[in-house]
Structures are given as structure tokens and as C-alpha cells.
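**Student:** Build me a structure from this.
(one chain, ligands or ions: 1)
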Amino acid sequence: MTIRLELRRAGESDLSLLEDLTQDPDVTGEFQWFGWNDLRRWRRGWQENGLIGPDGGTLLVVSGDDRLGLVNWRRRPTTPAAFCWEIGVIMAPQARGRGHGTQAHRLLASYLFAHSTAHRIEAATDVENIAEQRALAKAGFAREGVLRGIGWRDGAWRDGVGYSLLRTDPL
Ligand SMILES: CC(C)(COP(=O)(O)OP(=O)(O)OC[C@H]1O[C@@H](n2cnc3c(N)ncnc32)[C@H](O)[C@@H]1OP(=O)(O)O)[C@@H](O)C(=O)NCCC(=O)NCCS
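**Tutor:** Numbering: from 1, shown residues only. Sure thing, here's the model as predicted:
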């Protein structure tokens, strides 16, 4: 049975979870582990704007009181008149492989199309990250192609895969 997930704002008590999801190699998963980096950024960001601003944000993925992961988005200007959102999703290890990541992508896309005028949402992932690619495809994102040597991770340059969802695509 698919449980109903929601997105909610992060509170101060959620910051340690956000740190674990992004700074603990046992939690991030191999494709999100880039070494420790800017360890205070969640606390600084929360003090600054509660992790929601005009150029991006982070929300928790929850089911009732259970905190299952995070979604985030970042504004990327595409032409002088336009921008798109780049998104990312990290589910907690115990929440993976149950359809929640797919649902989280859908929820975030609906949220961003409802509350901004953006026409395009994009996401990229490691070419070996099959779970993310399947989750994006199942959430309605179209595969656009391979991004050669785009990311440095764990001692090597890695190929990525780009995906997008347009406001006019069927959800
Ligand atoms: C990537 C991620 C968000 C996907 O969410 P999820 O809840 O695990 O995925 P879902 O349960 O929605 O499954 C989506 C699809 O991926 C498949 N899948 C899940 N885990 C998999 C794995 N380890 N290997 C291969 N396929 C996998 C599922 O079978 C499903 O496909 P199917 O319906 O065709 O069988 C989640 O695994 C995660 O947070 N991973 C660690 C962080 C990360 O890599 N984030 C992406 C950064 S770009």
C-alpha cells in the first residue's frame, strides 16, 4: 500500500536529520557522498531564512510524524527572461525502495509549478544511480541525455544523466 506523503518546512529540531542526510556517508548513499563540506550550512541557512528563499529551498518529506527525507530546489537562470528549477531528493535509508522517492519528486514538482511561474524543472544524477533515474521517470520526467564527465565523486569524474519536466507535460 502506498502511504501518503507530504512536504513540510524544516524546524530547528530537523537540522540534525538534514546534516545526516547530506554529511554522513552511512546515510547519504554512495551517489550523494562527496566528502564533508560546509558543515554549518544547514544551521546558517535556517537562521537566515528557514531554508526557503526566492532562489531555492529545502523541505522535509514526511508521513505524519515520520521524517522520511528531504527535497530541495535551486533557481537556474536559462535566458535573461527565464529560469528553471534544479531539484534534488534524498530519502533516508529506511525509506528507500518503497515508492516514496517517486512520490517525493511528484510532490515537489507540483509544489513548484503551483507556487512559481517556472516552465521547466530539471534534475541530473549519476549515470549509475538507477534508483534516481527510475524515480524521475516514474514521476514523469523525460530523459534528455548523458552529461559527460560532469561530476567529481569518490576519486573519479562521473557521467551524469539529465532529466526534465515541463509545466505542459502530463503529470
Ligand atoms: C534515489 C532515491 C531518491 C529514489 O527513491 P526511492 O524511494 O528509493 O525509489 P522508489 O522506491 O520510488 O523506486 C523508484 C524505482 O527505482 C527502483 N529502485 C529503487 N532502489 C533501487 C536500487 N538500489 N537499484 C536499482 N533500482 C532501484 C525501484 O525498483 C523503482 O523502479 P521500478 O518501479 O521500475 O521497480 C532514493 O533511493 C535515495 O534517496 N537515494 C540516496 C540519495 C540519492 O541518490 N538521491 C538522488 C540524488 S541525484
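**Student:** how about the strands in the protein?
**Tutor:** Secondary structure of the chain (DSSP state E): strands at 6-8, 52-53, 56-63, 66-79, 82-91, 120-126, 142-153, 156-166.
**Student:** what's the first one packed up against?
**Tutor:** Spelled out, that is strand 6-8. Where contact means 3 or more CB pairs under 8 Å, 6 or more residues apart in numbering; DSSP states H and E, strand 6-8 is packed against strand 56-63, helix 100-115. In short, each C-beta sits where N, CA and C put it, glycine included.
**Student:** Need the per-residue pLDDT for the nearest residue to Trp33 once chain neighbours are set aside.
**Tutor:** Leaving aside its chain neighbours, Trp33 sits nearest to Pro25 (4.7 Å; criterion: CB to CB, 6 or more residues apart in numbering). You'll see Pro25 listed with a pLDDT of 97.
**Student:** Near the ligand, which residues of the protein are found?
**Tutor:** Counting by CB under 6 Å from any ligand atom, the chain comes close to the ligand at 29, 31-32, 88-91, 96-102, 125, 129-132, 134-135, 138.
**Student:** Any of the residues you listed buried? List them.
**Tutor:** 29, 31-32, 88-91, 96, 100-102, 125, 129, 132, 135 (16 or more other CB atoms under 10 Å).
**Student:** Any stretches of the protein with poor pLDDT?
**Tutor:** Applying pLDDT under 70 to the chain flags the ranges 1, 171.
**Student:** And the residue of it that's closest to the ligand?
**Tutor:** Gly101 (1.8 Å; CB to the nearest ligand atom).
**Student:** Now for that residue: which residues touch it?
**Tutor:** 69, 89, 91, 95, 131-132, 135 (CB atoms under 8 Å, 6 or more residues apart in numbering).
**Student:** what two of those have the greatest distance between them?
**Tutor:** Maximum pairwise distance among the contacts of Gly101 (CB to CB): 14.0 Å, between Ala95 and Glu132.
**Student:** The residue nearest to Trp33: how many residues sit nearby?
**Tutor:** Using other CB atoms under 10 Å, Pro25 has 12 neighbouring residues.
**Student:** same thing with Glu12?
**Tutor:** Neighbour number of Glu12 under other CB under 10 Å is 10.
**Student:** where's Val62 relative to Ala10, distance?
**Tutor:** 10 Å (CB to CB, to the nearest Å).
**Student:** what does Gly53 give?
**Tutor:** From Gly53 to Ala10 the distance is 13 Å (CB to CB).
**Student:** of these two, who's got more company?
**Tutor:** Each of Gly53 and Ala10 has its neighbours counted (other CB under 10 Å); Ala10 has more, 21 against 12.
**Student:** Does the more buried one touch Gly50 like I think?
**Tutor:** Yes: at 7.3 Å, Ala10 and Gly50 qualify as touching, with contact defined as CB atoms under 8 Å.
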